[in-house]
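Undergrad: any chance you can model this:
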Amino acid sequence: MKTSPHLLAETISSVSPLNAAAMSEAASYQSSLAMPPESMGELLAIGQRLSGITGKLHNSLPKKRIIVLCADNGVAEEGVSSAPQSVTVSQAINMTAHLTGMSALAKYFGNEVQVVDVGIKYDYDCPQIINKKVRAGTNSFLHGEAMTREEALRAIEIGIELARNAKNDGVSVLGVGEMGIGNTTTSTAVLSVLTGIPPEKITGRGGCITDKMLAHKKEVIEKGIVLNKPDKNDVVDVLQKVGGLDLAAMCGVFLGAASCKIPVVIDGYISIVAALCAARLCPLSSGYFFPSHLSEEAGYKLAMTELSLVPYLNLRMRLGEGSGCPLAFEIMDAACVIMNEMATFRQAKINDDYLDEIRGGKPSPCAALRCATPPLET
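TA: Sure, this is the predicted structure:
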C-alpha cells in the first residue's frame, strides 16, 4: 500500500470558491420568473448553488452516481451493534443487485451505484464490487488506534480517486453512502472529538440497540477517545485513531468532488460526519455539499449545524447506505426544472409592476435582463 505525499494537499488547494457572479446572475434571473418573489424557496437556493459550481445559468444533472464505501469496523467486536459484521459483506453484495433500500431506489430513479470495498473483513466472490481494500477491517479503538496514519490517508486518497473517475465518466452529481457494521460508533467518536461535545450527548442507537447496549456504546466511545487521545485539530489523526476506513474514504469523495466541481449529496449520519471531516480539512469544500434528509441519529443535527446546512427532507429515515441520495437528486432536478422550464414574466406576458412595493419600491433588479431573456433551454 502506497500513499501519495501530495494528493491530499493538491486536492485541498485545488478547491475553489463558488462562482459569485454566476450565483448573482442566477438570483437575478430567478427574480424575473413568473411567481411571487422567492416563492419556490429552497429550490431557488439549490439553483443558485448549482450555477455557482458550474458557472452556468441553466444546468441539468443527467448522470447521477452514488458511491458506497464499504468497510468493517473493529469496534463492532465490543458489542456496540445489534448486527454481526458479516452483514457488511452481505449487504455490499446485495447492493450490486439493487436489493437494498438505497440500491432499489437508485435503480428506480436510474441512478448509478458504485460499491467499493475499502476494508471489508470477510472474503467474498462478487466481481461487481470494486476492490480497493486498504486492510480487512480496522482494529477496535478500545484497545489502540483503529489504523495507521498511512492507512487513513490511503482511504482518503481512494475517495479522491473515485471522485476524479466520476468526473472523467461525465457524472453530473454524486451521492456518498456507506456500508459498515459499527460505523455509527466510529462516526460518533470522530464527531465528539471534532466538536468537543461528549459522547454521552450525541450517541444514538444506530441499528436499533437496547438501552443497555446504548449505555455500553457510550462508554466504549468515551474510553476509546481517552485511550487514543486524537488531536481535534488534525482530522487525519482523528480518523486514524477512532474512525473507520469507510468514513475516511467518504471524506475523500467529498473533497474530490469539490476539487472536480461536482455537486455532492450528503446522506445520513455517517455521511455527514465524513462531510464535516472534509470541511475541516478544506472549508471551501462545503459549498459543494447538498444535504438530503434529517437522520434520526442523535449527532446528526450537530453535524448539520457545524456545516451550516438544513436538510431538505424529514422522513424519519435512518437506514444509511446512501438512501437519501436518490431522493435529493430528484429535488435537485426540480431546481433545474425551475431554471430551465419556467416562464419569465415577460414570456408569460405578465406586467410585474405590482411587485415593485414588495421589492421595496424599486424596480426588479433583473429588469434589464428581462428585456433580453433568451429562449428557455430544453
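Undergrad: helices of the stretch 51-200 of the chain, start to end?
TA: 86-96, 101-109, 149-168, 183-195, 199-202 (DSSP state H, counting those that start in this stretch).
Undergrad: could you dump these into CSV and include mean neighbour count and distance to residue 302?
TA: Backbone N, C-alpha and C define where each C-beta goes, glycine included. Output for the helices of the stretch 51-200 of the chain, formatted as CSV (neighbours: other CB atoms under 10 Å; distance: least, CB to CB, whole Å):
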stretch, mean neighbour count, distance to residue 302
helix 86-96, 21, 26
helix 101-109, 19, 24
helix 149-168, 22, 23
helix 183-195, 28, 6
helix 199-202, 17, 6
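Undergrad: could you dump the ones you listed into CSV and include mean pLDDT and distance to residue 128?
TA: As requested, the helices of the stretch 51-200 of the chain are exported to CSV (pLDDT from 0 to 100; distance: least, CB to CB, whole Å):
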stretch, mean pLDDT, distance to residue 128
helix 86-96, 97, 4
helix 101-109, 98, 11
helix 149-168, 98, 15
helix 183-195, 97, 22
helix 199-202, 95, 35
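Undergrad: for residue 75, find the nearest of those helices.
TA: Of all those, helix 183-195 sits nearest to residue 75, with 5.1 Å by CB to CB.
Undergrad: quick check: angle from that closest one to helix 86-96?
TA: Angle, helix 183-195 to helix 86-96, by axes from the mean of the first three to the mean of the last three CA atoms, to 10 degrees: 100 degrees.
Undergrad: okay, helix 183-195 in CSV with CA atoms only?
TA: Taking Å, rounded to 0.1, in the frame of the first residue of the first chain, the C-alpha atoms of helix 183-195 are listed here in CSV:
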residue,chain,number,x,y,z
ASN,A,183,-19.8,2.8,11.9
THR,A,184,-22.3,4.9,13.9
THR,A,185,-19.9,4.2,16.8
THR,A,186,-16.8,5.4,14.9
SER,A,187,-18.7,8.4,13.5
THR,A,188,-19.8,9.4,16.9
ALA,A,189,-16.3,9.2,18.3
VAL,A,190,-15.0,11.3,15.4
LEU,A,191,-17.8,13.9,15.8
SER,A,192,-17.2,14.1,19.5
VAL,A,193,-13.6,14.8,19.1
LEU,A,194,-14.1,17.4,16.3
THR,A,195,-16.8,19.3,18.2
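Undergrad: now for that helix, which elements pack on it?
TA: Secondary-structure packing of helix 183-195 (3 or more CB pairs under 8 Å, 6 or more residues apart in numbering; DSSP states H and E): helix 199-202, helix 211-228, helix 235-242, helix 245-259, helix 269-281, helix 300-306.
Undergrad: can you do 10 Å?
TA: strand 64-71, helix 199-202, helix 211-228, helix 235-242, helix 245-259, helix 269-281, helix 300-306 (3 or more CB pairs under 10 Å, 6 or more residues apart in numbering; DSSP states H and E).
Undergrad: what's the angle from that helix to helix 269-281?
TA: Using the same axes, to 10 degrees: helix 183-195 against helix 269-281 is 30 degrees.
Undergrad: from residue 323, how far out is the residue nearest in space to the middle of the chain?
TA: Nearest to the geometric centre of the chain sits residue 266, at 2.4 Å (CA atoms, centre = their mean). Residue 266 is 12 Å from residue 323, where distance means CB to CB, to the nearest Å.
Undergrad: what do the two both touch?
TA: Residues touching both residue 266 and residue 323 by CB atoms under 10 Å, 6 or more residues apart in numbering: 175, 177, 292, 293.
Undergrad: how about the contacts made by the third one?
TA: I take that to be residue 292. Under the criterion of CB under 10 Å, 6+ apart, the neighbours of residue 292 are 175-176, 265-268, 271-272, 311-313, 315, 317, 322-329, 331-332.
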